[in-house]
Every structure is written in structure tokens, then in C-alpha cells.
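>>> need a structure here:
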Amino acid sequence: MKTRYTLADLEAAINYWRSKSPSMGEELALCPQASALAEPYALMIMERKREIALDVLSDTAQKALQGWRATLPGSNGAPDAG
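So this is what the prediction gives:
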């Protein structure tokens, strides 16, 4: 299973979840998966970090990343080694 994610990974996962469940309501609230990834994404930008460890993310963010990765070509829905 992949243990570190780049800023580009988080951005791609957020975009995936936004396409699956677009923002709704007058406040344009994000779906729970995109919302869980948005905070660490913003912090990475502010702190100029290139990667983030999976284990520092919330359970919801971890599940959102795993769900996104399962949709990538070649994943067959299974976690990978890297």
C-alpha cells in the first residue's frame, strides 16, 4: 500500500471525488471525501510540503485516497506496494 502522497495525488483525488459528487447548496459544500482531503492539501501548499504521510491523515481522508487509487488504471481495485 502506498504510504506517502504528493500534492498532485491529493489534487487528483479531490478532483475525482468532486466529479463523483459535485459541490451542492448555496455554500457549494464539498462532499465528505473531498472535504477530508482539502485541509491537508491546503496545509501542504501553505507549508510548502511535497509529500504527506498516509498515517497523519484522518480516517476519512485515508479512505478517500484509497477509493480514488482503486479507480486508477492497473489498480484492479487492490492496494499496491508503492
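>>> Please make it C-alpha for all contacts and neighbour counts, starting now.
Fine.
>>> Which parts of this structure are strands?
Secondary structure of the chain (DSSP state E): strands at 4-6, 51-53.
>>> how about those strands in TSV, adding distance to C31 and mean neighbour count?
Below are those laid out as TSV (distance: least, Cα to Cα, whole Å; neighbours: other Cα atoms under 10 Å):
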stretch	distance to C31	mean neighbour count
strand 4-6	20	15
strand 51-53	21	15
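>>> among those strands, which is nearest Q66?
Set against Q66 and scored by Cα to Cα, those come closest in strand 4-6, at 11.1 Å.
>>> thought A53 was touching L7?
No: between A53 and L7 there is no contact under Cα atoms under 8 Å: 11.3 Å.
>>> that older thread, so which of the strands of the chain is nearest A64?
Counting by Cα to Cα, A64 lies closest to strand 4-6 out of those; the figure is 12.3 Å.
>>> Could you spell out the sheet neighbours of the closest one, each with its direction?
The sheet places strand 4-6 alongside strand 51-53 (antiparallel), with pairing taken from DSSP bridges.
>>> hmm, who's touching the partner strand?
With contact meaning Cα atoms under 8 Å, 6 or more residues apart in numbering, strand 51-53 is reached by T3, R4, Y5, T6, L7, M44.
>>> Are there helices or strands packed against the longest helix belonging to the chain, and which ones?
Using DSSP state H, we find that the single longest helix of the chain is helix 32-47. Under the contact definition 3 or more Cα pairs under 8 Å, 6 or more residues apart in numbering; DSSP states H and E, helix 32-47 sits against helix 7-20, helix 59-69.
>>> from the chain's centre, how far out does the shortest one sit?
Read that as helix 59-69. A distance of 6 Å separates the centroid of the chain from that of helix 59-69, by Cα atoms, centre = their mean, to the nearest Å.
>>> Kindly report the same for stretch 54-63.
Centroid displacement of stretch 54-63 relative to its chain, using Cα atoms, centre = their mean, is 9 Å.
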